[in-house]
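Engineer: no FASTA, just this:
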Ligand SMILES: [Zn+2]
């Protein structure tokens, strides 16, 4: 039987192995070179009554713990996406060799053209359409950099306190794009609260990786959020210039998390004090269920898990670490926001983006009154 899978489109990613009339065997792409490639996105090009999709090498991703009970997204028309009725079947035991087993998904009545993706896609086209809308609002200026990279600016003065938010450093974490729309729309709605501030937003930092269907890296295999100590990544250089030219006091880097069932924020416990702590508490108070995690862990159990390869944490400088080192750890509230792929739907991610801005704006008010 011939190939019945198509992934040759923007953001498409999967490798076809074989199929019969009830089963398709696939594997995740690039895993030998890049163990972070959790993302998949493909179309089934044939009708199936009952279908089992097996992803043979899924146990090799660094985020293998995230597969059990995970329901990916399915669409009949490539526009409306919902979770699959059945989640993935992937059992593991804490002490077993986790590099065993196949990930499988049971589906019924799969029509030709059905699309399956790890999370609801948010394409370059979606992004460009949205940015056109933002550009038509006078409060925000959309700035075009090279190769389609765009930033959104609201500048009061060079010296003003500056809020900065970035998203999609990791291109497969599409949930962060829904969140970024929530951030931008809420900023536009309540721009009066930020009268004497600057806002700089880069909603989509790693476009080449998104087009190539990568989870964490760009088309050349570079993980942007571990590359802020390098000087050769044009989009990061643009962001570094903003950070050097403006007084950034709040810096949020928006991500999606493959494993955790909770939404959470990585913060630096040692420096989340004073004004930073107030902003942090406002955000946690305004977003239901949001948890905090320490950015630089002193927890020995977690350190051991990283050393054993049970938890995947790569090396290199992150965006928030760059900002903290550049501006002084206590002068900026830097955080990494992680939206749970398991638990949080795109609409909820959007709402969380709005709530984040609401919470920060409350703090701005207090400062003005004080
Ligand atoms: Zn990420």
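Structural biologist: Thanks, I have the structure now. What you see is a predicted model, and the numbers here were worked out from it, not measured in a lab.
Engineer: which residue sits closest to residue 17, ignoring its sequence neighbours?
Structural biologist: residue 25 (4.1 Å; CB to CB, 6 or more residues apart in numbering). For the C-beta atoms, the positions are set from N, CA and C on the backbone; glycine is no exception.
Engineer: contacting residues for the one you found?
Structural biologist: Residues counted as contacts of residue 25 (CB atoms under 8 Å, 6 or more residues apart in numbering) are 17-19, 54, 56.
Engineer: and with 6 Å instead?
Structural biologist: Contacts for residue 25 were tallied using CB atoms under 6 Å, 6 or more residues apart in numbering; they are 17-18, 54, 56.
Engineer: Pick out the lowest-pLDDT one from these.
Structural biologist: Ranked by pLDDT, these bottom out at residue 56, which scores 91.
Engineer: That residue - how many residues pack around it?
Structural biologist: 16 (other CB atoms under 10 Å).
Engineer: Assess the claim that it and residue 28 are in contact.
Structural biologist: No - in this structure, residue 56 is not within contact of residue 28 by CB atoms under 6 Å, at 8.8 Å.
Engineer: what does the protein have sitting close to the ion?
Structural biologist: Contacts of the chain with the ion, taken as CB under 5 Å from the ion, map to 170, 173, 255.
Engineer: mind redoing it with 8 Å?
Structural biologist: 169-170, 173, 176, 216, 225, 255-257, 336, 338 (CB under 8 Å from the ion).
Engineer: Among these, which ones are in helices?
Structural biologist: residue 176 (DSSP state H).
Engineer: In CSV: the residues of the chain next to the ion, plus pLDDT and neighbour count.
Structural biologist: Formatted as CSV, these follow (pLDDT from 0 to 100; neighbours: other CB atoms under 10 Å):
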residue, pLDDT, neighbour count
169, 98, 30
170, 97, 28
173, 98, 28
176, 98, 29
216, 95, 29
225, 95, 24
255, 98, 21
256, 98, 26
257, 97, 22
336, 97, 23
338, 98, 26
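Engineer: which residues of this structure fall in helices?
Structural biologist: Using DSSP H, helices in the chain cover 124-135, 175-189, 207-212, 234-245, 274-286, 300-307, 319-327, 346-369.
Engineer: so of those helices, which one's packed in deepest?
Structural biologist: Mean neighbours per residue, mean count of other CB atoms under 10 Å, is largest over those for helix 175-189, with a mean of 24.
Engineer: same for that helix, what does it pack against?
Structural biologist: In this structure, helix 175-189 packs against strand 161-167, strand 247-257, helix 346-369, with contacts taken as 3 or more CB pairs under 6 Å, 6 or more residues apart in numbering; DSSP states H and E.
Engineer: right, and residue 247 touches residue 162 too?
Structural biologist: Yes - Residue 247 lies in contact with residue 162 (CB under 6 Å); the separation is 5.5 Å.
Engineer: quick one, which of those two is more surrounded?
Structural biologist: Each of residue 247 and residue 162 has its neighbours counted (other CB under 10 Å); residue 162 has more, 26 against 16.
Engineer: wait, what's in contact with that one?
Structural biologist: Neighbours of residue 162 in contact, by CB under 6 Å, 6+ apart: 198, 246-248.
Engineer: And those, which is closest to the ion?
Structural biologist: residue 248 (20.2 Å; CB to the ion).
Engineer: pLDDT at the closest one, what is it?
Structural biologist: Residue-level pLDDT assigned to residue 248 equals 96.
Engineer: what is the spatially closest residue to residue 159 that is not a sequence neighbour paired to in the beta sheet?
Structural biologist: Among residues not flanking residue 159 along the chain, residue 247 sits closest, at 6.4 Å (CB to CB, 6+ apart). On the basis of DSSP bridges, residue 247 is bridged to residue 161.
Engineer: and residue 247, how far is that from residue 191?
Structural biologist: 19 Å (CB to CB, to the nearest Å).
Engineer: ok, back up a step: tell me which residues form a beta bridge with the residue nearest to residue 17?
Structural biologist: The partner residues for residue 25, given DSSP bridges, come to residue 18, residue 54.
Engineer: where does the stretch 101-250 of the chain dip in pLDDT?
Structural biologist: Low-confidence segments of the stretch 101-250 of the chain, defined by pLDDT under 70: 101.
Engineer: For the nearest residue to residue 344 once chain neighbours are set aside, give its distance to residue 360.
Structural biologist: Closest residue to residue 344 apart from its sequence neighbours, by CB to CB, 6+ apart: residue 263 at 5.8 Å. Residue 263 is 17 Å from residue 360, where distance means CB to CB.
Engineer: Could you do residue 256 as well?
Structural biologist: Distance from residue 256 to residue 360, by CB to CB: 21 Å.
Engineer: what's the answer for residue 112, then?
Structural biologist: 47 Å.
Engineer: what about the helices and strands packed on helix 175-189, which gets the closest to residue 123?
Structural biologist: helix 346-369 (13.1 Å; CB to CB).
Engineer: got the angle for the closest one vs strand 161-167?
Structural biologist: If you take axes from the mean of the first three to the mean of the last three CA atoms, to 10 degrees, helix 346-369 sits at 170 degrees to strand 161-167.
Engineer: which one is residue 48 nearest to, not counting chain neighbours?
Structural biologist: Residue 48 sits nearest to residue 110 (CB to CB, 6+ apart), 4.4 Å away.
Engineer: shouldn't that neighbour be in contact with residue 46?
Structural biologist: No - Residue 110 sits out of contact with residue 46 when judged by CB under 6 Å, with a separation of 8.4 Å.
Engineer: Alright, I will stop here.
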